[in-house]
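Student: everything below, folded, please.
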Amino acid sequence: MFRKLSVGLTLTALLLGLAPNLSAYGRVYVVPRFGFYAGPAYRWYPGPWYGPTYFPVPTTGQVKINTDDKDARVYVDGGYLGVVRKEKKFDLRPGNHEIELRDARGNVLYKEKVAVLPGRTTEFNAEGIAD
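Tutor: This is a model prediction of the structure:
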């Protein structure tokens, strides 16, 4: 009896230890599709397609910067990203981020905290800051 109980508790502890690792795997959307499938891997398939289609869940969110000053420098969480002209849209991890726009001398033109959601586009509006 004691042996079965100890084996059961050991297996339970091992499974609980694996739970955080298993939850870190990427997730997918499963969408039912009906009709003719013309995907790149199944071009040879002539008949209708009745199976599910799998799409990976996006793990990042996009930030779009709207500003008149195209030469402003973009800083995300204190780190330099690039010039607005080249970095109009960029991906970030989900969560709260502090975005700053600075001029060539390093003076802060605009500063805001934004919340980035996975698979969504967050607009950073800094219109009218140009000199």
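
Student: quick check: phi and psi on residue 6?
Tutor: phi -70, psi -40 (degrees, to the nearest 10).

Student: swap that for residue 66, please
Tutor: Dihedral angles of residue 66 (phi, psi; degrees, to the nearest 10) stand at phi -110, psi 110.

Student: got a list of what it touches?
Tutor: Neighbouring residues of residue 66 by C-beta atoms under 8 Å, 6 or more residues apart in numbering: 123, 124, 125, 126, 127. Every residue, glycine included, has its C-beta placed from N, CA and C.

Student: in a helix, the third one, correct?
Tutor: No: with the criterion set as DSSP: H, G, I helix; E, B strand; the rest coil, the secondary structure at residue 125 is strand rather than a helix.

Student: tell me who's in contact with it.
Tutor: By C-beta under 8 Å, 6+ apart, the neighbours of residue 125 are residue 66.

Student: that one and residue 101: what is the separation?
Tutor: With distances taken as C-beta to C-beta, to the nearest Å, residue 125 is found 11 Å from residue 101.

Student: pLDDT score for residue 8?
Tutor: With respect to pLDDT, residue 8 has a value of 80.

Student: sorry, that was for residue 67
Tutor: On the pLDDT scale, residue 67 gets 89.

Student: tell me how many other residues crowd the residue lying closest to it once chain neighbours are set aside.
Tutor: Excluding its sequence neighbours, the residue lying closest to residue 67 (C-beta to C-beta, 6 or more residues apart in numbering) is residue 126, at 4.2 Å. A total of 20 residues lie near residue 126 under the criterion other C-beta atoms under 10 Å.
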